[in-house]
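Trainee: Test case, fold it:
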Amino acid sequence: MHCFTTTIGRRPLTPTGENTYPSDMETIERSTNNSNNGTYVDGDKPYERDMRYVTTRITADGRDGFAPEAGRYHLVAARACPWANRTLIVRRLLGLEDALSIGLPGPTHDKNSWTFDLDDGGKDPVLGYERLQEAYFALDPEYPLGITVPAIVDITTGKLVTNDFDQITRDLYSEWTEFHREGAPNLWPEDQREDMEAVMKRVFTEVNNGVYRCGFAGSQEHYQEAYDRLWTAMDWLEERIADRRYLMGDHITEADVRLFTTLVRFDAAYHGHFKTNRNKLTDMPVLWAYARDLFQTPGFGDTVDFQQIKEHYYIVHTDINPTQIVPAGPSLEGWLTPHGRESLSDNPWGEGTAPDPVRDGEEVQRGHNPLVS
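Mentor: So this is what the prediction gives:
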């Protein structure tokens, strides 16, 4: 699972509504005790991410019963979650604000669901839900897996459409083209896709998921293995981007989006909370400059809420941080210092342009991001 709650229920659904996930899954009683955040470390086992999702797609041809339509869908994406943060960035870069509304759950959740506790009255103003699980149970009253973000909900029915975080951003680019802004960048260049897939696979398995393997390792042995894999990949990245501005060359692609959301959380959460502490991101001159470059690029840093990030990890994962004390640091001013990466390429958008300023009502809270004064 990604930014997840603990597993509940029994029967997952595919796009057709058929019950094709394992039928022998243990049924876990739905608790009404919202003080229990659940557990994330499984005995003495290595961490294994649950990659089962509702795989319905919203496509131009509507083959799963859902086609892009302005105002029909609601993207629920907690700022605290790196997987959800991807969707917020891609939505900004492509200019989908008018077509696809967003719901922003607060940074913490109990073992059952993300909640809309930051909204007036504690309800999402579009869906009218207090808890994201309501959209999942509208689809299937016995939905068995974690209530995850990002999630796209059909506003007309209140039902979850998909929570497949890997596919969502792919489809926002390839299937929602009718609603892209003029000047939307080419995040998936045809001549680089094969190489991109290989790079993104390594970034996902070794870095995006690698930090979680460290943090949720059930033994010293499993932690050490995860730690070694993570830092092998971090060193590879430091070398890869030493002579290129972005992961794939001169222009921003989705590969950069996917790496950025882990890097921007590294010192604030992963270094201490997940024990990924060989060194800080700020100690890696190339990766730190690369991360600052992206942070200062419209559509990237302006989606990041450092306070929510810290509250999510340090409050929710009580089996790792039982005191739930949230660290005061690190200092954020360094994110705005010059990075010098423009000497490698002066055209981040290729044939596209930078996105428009952040929409009113979608700004990160003042004090939670150095870009917001």
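Trainee: now the helices for the stretch 51-200 of the chain?
Mentor: Counting by DSSP state H, counting those that start in this stretch, the stretch 51-200 of the chain has helices at residues 82-94, 133-139, 165-174, 193-202.
Trainee: ranking the ones you listed by burial, who's on top?
Mentor: Comparing those by mean neighbour count (mean count of other Cβ atoms under 10 Å), helix 82-94 ranks first with a mean of 25. Every residue, glycine included, has its C-beta placed from N, CA and C.
Trainee: Would you pull up how far that helix lies from the middle of the chain?
Mentor: In terms of Cα atoms, centre = their mean, to the nearest Å, the centre of helix 82-94 is set 8 Å apart from its chain centre.
Trainee: For the remainder of this discussion, apply numbering that starts at 4.
Mentor: Happy to do that; since the first residue is 4 now, the last one works out to helix 85-97.
Trainee: Quick check: which helices or strands does it pack against?
Mentor: Applying 3 or more Cβ pairs under 8 Å, 6 or more residues apart in numbering; DSSP states H and E, we find helix 85-97 packed against strand 76-79, helix 168-177, helix 257-268.
Trainee: Just put these in TSV and tack on mean pLDDT and distance to Leu148.
Mentor: Output for those, formatted as TSV (pLDDT from 0 to 100; distance: least, Cβ to Cβ, whole Å):
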stretch	mean pLDDT	distance to Leu148
strand 76-79	98	16
helix 168-177	98	13
helix 257-268	98	22
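Trainee: can I get the ones you listed in a markdown table with distance to Glu209?
Mentor: As requested, the helices and strands packed on helix 85-97 are exported to a markdown table (distance: least, Cβ to Cβ, whole Å):
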| stretch | distance to Glu209 |
| --- | --- |
| strand 76-79 | 28 |
| helix 168-177 | 16 |
| helix 257-268 | 10 |
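Trainee: measure stretch 336-352 end to end?
Mentor: 26 Å (Cα to Cα, to the nearest Å).
Trainee: Quick check: buried residues in that stretch?
Mentor: Trp338, His342, Arg344, Leu347, Pro351, Trp352 (16 or more other Cβ atoms under 10 Å).
Trainee: same thing with stretch 352-360?
Mentor: Trp352, Gly353, Gly355, Pro358.
Trainee: Double-check that the third one belongs to a strand.
Mentor: No. Assigned with DSSP: H, G, I helix; E, B strand; the rest coil, Gly355 falls outside any strand and is coil.
Trainee: Now it: closest residue in space, sequence neighbours ignored.
Mentor: Pro188 (3.6 Å; Cβ to Cβ, 6 or more residues apart in numbering).
Trainee: what sits against the one you found?
Mentor: Leu96, Leu97, His254, Ile255, Trp352, Gly353, Glu354, Gly355, Thr356 (Cβ atoms under 8 Å, 6 or more residues apart in numbering).
Trainee: The closest residue to the last one other than its chain neighbours and Trp352, how far apart?
Mentor: Meaning Thr356. Of all residues not flanking Thr356 in the chain, Gly186 sits nearest, at 3.4 Å (Cβ to Cβ, 6+ apart). Remark: distance between Gly186 and Trp352 (Cβ to Cβ, to the nearest Å) = 7 Å.
Trainee: ranges for the strands of this structure?
Mentor: 76-79, 104-106, 154-157, 162-165 (DSSP state E).
Trainee: Among those strands, which comes closest to Met199?
Mentor: Met199 sits nearest to strand 162-165 of all the strands of the chain, at 21.9 Å, using Cβ to Cβ.
Trainee: How far off centre is that closest one?
Mentor: Remark: strand 162-165 is offset 17 Å from the chain centroid, using Cα atoms, centre = their mean.
Trainee: ok, it: who's next to it in the sheet?
Mentor: strand 154-157 (antiparallel) (DSSP bridges).
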